[in-house]
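1. Would you be able to build a 3D model of this:
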Amino acid sequence: MSAKRTAESAAGRQSEAAVPSVDRPAERAAWLRSELERANYAYYVLDQPDLPDAEYDTLFKELQGIETAHPGLIVPDSPTQRVGGEVAEGFTPVVHDVPMLSLNNGFADEDIAAFDKRVADGLGIASVDYACELKFDGLAISLRYDDGKFVQASTRGDGATGEDVTANVRTIRSIPLTLKGTNIPKRLDVRGEVLMFKRDFERLNARQREFANPRNAAAGGLRQLDPKMTAQRSLSFFAYGIGVLDGADMPPTHSGLLDWYKEMGLPVNAERAVVEGADGLLGFFRKIGEKRDKLPYDIDGVVYKVNRRDEQDKLGFVSRAPRFALAHKFPAQETLTQLLAIDVQVGRTGAITPVARLAPVFVGGATVTNATLHNEDEVRRKDIRIGDTVIVRRAGDVIPEVVGAMLDRRPDDAREFVMPTACPVCGSNIERLPDEAIARCTGGLFCPAQRKQALWHFAQRRALDIDGLGEKIIGQLVEQNLVRTPADLFNLGFSTLAALDRFADKSAQNLIDSLEKASKTTLARFIYALGIRHVGESTAKDLAKHFGSLDPIMAASVEELLEVNDVGPIVAEAIHNFFGEAHNQHVIEQLCTKVSWLEGPPAPKAPQGVLAGKTIVLTGTLPSLSREEAKEMLEAAGAKVAGSVSKKTDYVVAGAEAGSKLAKAEELGVPVLDKDGMKKLLEGVTP
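-> Have a look, this model is predicted:
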């Protein structure tokens, strides 16, 4: 089609205004931008494409030509500016002004009925209207618009802080760079999902053949340092939520919010509905389930949200999830394949995990060749043998697992799995303690597999946050025997790093700078970075707060460690044993010459109150009293508030929606109290 005929056909769609002549470049460029964005809106938002690809490409090239000849006509929101020429150094952290929370999950019909009852009871009404949507198998993203102009995109991250991926998201054609209409807010944070349609994934894989599923391809595309590489992935986007809104009224319903988004040119999925009660929710779920395989993108469930905004506000949030919403997940997908072999992997703490090597099979949206067998006991319990036809299950991002074997198809030469007695990586003995299900390599940091994992854990963001020290770099450092312990990282020089494979001078200097920055940390981060078994971020913070400095932690007895908040016998034993190992003491001694932090006095001892020596567990929601308030009251009375129920628990205080902790208490015969019972306890009255 000629440029003249293209202009004529496009002009037919814009009868209200004449198409500017090519002799007026400024007006022509403005018209081309408008026409291309209109075509994007028709294609991605309305799902009614009316401009053939060849015609779109012709208009796009014409606009490129005008802007090349007249650089002064280039504007930031031009369709030609979606792909920048700069390759980013990395991704800058972005703090979400409104956290990007996760959703609680439901799987069975009973879960949905219970959710509907909780919501109705919480609102004090007989029936609730819900907005139903699809749960996409992609990546959550937040888009910021200031006065209708797209200015920033960030990943979900940990919910509080994500990564700035603005340059990459600009390449996604379905995301408007300028919002449409007259009711444009001063600021709008749009929450939604970046995903890859099946057709685009098939085209990409036809070229590259390196991606297991559309989600992996989308994730890799969004985190490319070069936006041009992202553009090649043909990513898409659907809006489904909101963060900050300033300068406009919030729509009274969630369905109204999505309608407003569509009016502004934001793509909103058409597979949505407003339904009433649990029956309506289940009806929507089954309807989507029937058409799931025919959808042009992958989904792993549906999402239910109370439709009215004032009712959402009344219900509020619990922990990191809203009470007014639920993700209804599809059942895990299963299929059959042959178990070719069973190998073992060595984890960071030396855990030896049997891994099934499978004949390739497509399940749950991905081609699976490996699946976890958890531990030796599980292999025996499920009676799984090498050569069996096995059932493989995969759901969403969950690691594939072998559910069981088809015994009626077992071949005569099927072989039982035998746990090795020596580590396949370092040759050290493998031992299994009597009370543990996991066998472990005894090689410690001598074992390269544990060394790599220990170094990776040490460098991760929540530990010492050594930017640029990824698994491939760690692999080279360990394999070339340049680093044996975390302390050796701080002895690396520029020439050593620059000589690594695919490591340029700039990368070497960046890593040295990152190591220097990481050497100034906090005691809690340092403890977490050591990789002590059972010690996560929360426990590391509690240890730092309780003892104030490192030396008393290292010297603490099991009894002294048990005084720390939420530290039970297993965790206390693991901490005590870790610091009792001579090689760990040596590594820590080396690290203390390289890494520093501020130390403080130990936390004051809890006052001896009426509950001194008592261990209490809180579960559920107490009326007119938050979990934190109840915890403070109990601790002020001298009690230890634990996170799990055991035989040593004296009381469990249970509120509404108490879960597994209440069941555990009843199983063990631990006394269960309500809020009034807790009040009597605080007054010194034994319930």
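2. downstream neighbour of the helix or strand where residue 301 lies in the secondary structure list?
-> In this assignment (DSSP states H and E), residue 301 forms part of strand 299-306. Counting by DSSP H and E, the next helix or strand C-terminal to strand 299-306 is helix 309-315.
3. next SSE after that next one?
-> For helix 309-315, the succeeding helix or strand toward the C-terminus, using DSSP H and E, is strand 317-318.
4. ok now the helix or strand that that next one is followed by, how far from the chain's centre?
-> Scanning forward in sequence from strand 317-318 by DSSP H and E, the next helix or strand is strand 321-322. Chain-centre distance of strand 321-322: 15 Å, with Cα atoms, centre = their mean, to the nearest Å.
5. Strand 321-322 packs against which elements?
-> Contacts defined by 3 or more Cβ pairs under 8 Å, 6 or more residues apart in numbering; DSSP states H and E place strand 321-322 against no helix or strand at all. (Glycine included, C-beta is placed from N, CA and C.)
6. Give me the contacts around it.
-> The list of residues contacting strand 321-322 from outside it, by Cβ atoms under 8 Å, 6 or more residues apart in numbering, reads 101-104, 305, 312, 315-316.
7. Which single one of those residues is nearest to residue 538?
-> Set against residue 538, the nearest of the contacts of strand 321-322 by Cβ to Cβ is residue 102 (17.5 Å).
8. Thought residue 157 was touching the closest one, still the case?
-> No - look at residue 102 against residue 157 with Cβ atoms under 8 Å: they stay out of range, at 11.9 Å.
9. higher neighbour count, those two?
-> Counted by other Cβ atoms under 10 Å, residue 102 and residue 157 do not tie: residue 157 has more neighbours, with 18 against 14.
10. need the contact list for that one.
-> 93-94, 96, 100, 163.
11. Could you do residue 283 as well?
-> Contact partners of residue 283, counting by Cβ under 8 Å, 6+ apart, are residue 275.
12. what about whichever helix or strand it is part of, distance to the chain center?
-> Element membership for residue 283, per DSSP H and E: helix 277-291. Averaging C-alpha positions (Cα atoms, centre = their mean) puts helix 277-291 27 Å from its chain's average.
13. Give me the angle between it and strand 299-306.
-> 160 degrees (axes from the mean of the first three to the mean of the last three Cα atoms, to 10 degrees).
14. In the stretch 501-650 of the chain, where is pLDDT below threshold?
-> 603-608 (pLDDT under 70).
15. Can you tell me the SS state at residue 631?
-> Secondary structure for residue 631, judged by DSSP: H, G, I helix; E, B strand; the rest coil, is helix.
16. Nearest residue to it in space, please, no chain neighbours.
-> Sequence neighbours aside, residue 641 is the residue nearest to residue 631 in space, at 4.8 Å (criterion: Cβ to Cβ, 6 or more residues apart in numbering).
17. So which elements touch the helix or strand that contains the one you found?
-> Assessed by DSSP H and E, residue 641 sits inside strand 640-642. If you count contacts as 3+ Cβ pairs under 8 Å, 6+ apart, strand 640-642 packs onto strand 615-619, helix 627-636.
18. Next secondary structure after that strand?
-> Counting by DSSP H and E, the next helix or strand C-terminal to strand 640-642 is strand 651-654.
19. Work out the gap between that next one and the centre of the chain.
-> Taking Cα atoms, centre = their mean, one finds the center of strand 651-654 at 32 Å from the center of the full chain.
20. Could you list the low-pLDDT ranges of the stretch 351-500 of the chain?
-> Applying pLDDT under 70 to the stretch 351-500 of the chain flags residues 364-365, 395-398, 434-435, 444-445.
21. gap between residue 388 and residue 126?
-> Shown here: residue 388 relative to residue 126, a distance of 53 Å by Cβ to Cβ, to the nearest Å.
22. and if you look at residue 682?
-> For residue 682, the distance to residue 126 - Cβ to Cβ - is 38 Å.
23. Can you pick out the residue with more neighbours from the two?
-> Neighbour tally, residue 682 and residue 126, criterion other Cβ under 10 Å: the higher count belongs to residue 682, 17 against 7.
24. Just give me the neighbour total for the closest residue to the more buried one other than its chain neighbours.
-> Nearest non-adjacent residue to residue 682, counting by Cβ to Cβ, 6+ apart: residue 637, 5.4 Å away. Here the count is done by other Cβ under 10 Å, and residue 637 has 20 residues near it.
25. try residue 501
-> A count of neighbours around residue 501, defined by other Cβ under 10 Å, yields 9.
26. ok so, going back, which of the helices and strands packed on strand 640-642 has the highest mean neighbour count?
-> When you average the neighbours per residue for each of the helices and strands packed on strand 640-642 (mean count of other Cβ atoms under 10 Å), strand 615-619 leads with a mean of 22.
27. which helices and strands does it pack with?
-> If you count contacts as 3+ Cβ pairs under 8 Å, 6+ apart, strand 615-619 packs onto helix 627-636, strand 640-642, strand 651-654, helix 660-668.
28. Could you export the ones you listed as JSON lines, including distance to residue 439?
-> Compiled in JSON lines, those are given as follows (distance: least, Cβ to Cβ, whole Å):
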{"stretch": "helix 627-636", "distance to residue 439": "38"}
{"stretch": "strand 640-642", "distance to residue 439": "29"}
{"stretch": "strand 651-654", "distance to residue 439": "34"}
{"stretch": "helix 660-668", "distance to residue 439": "27"}
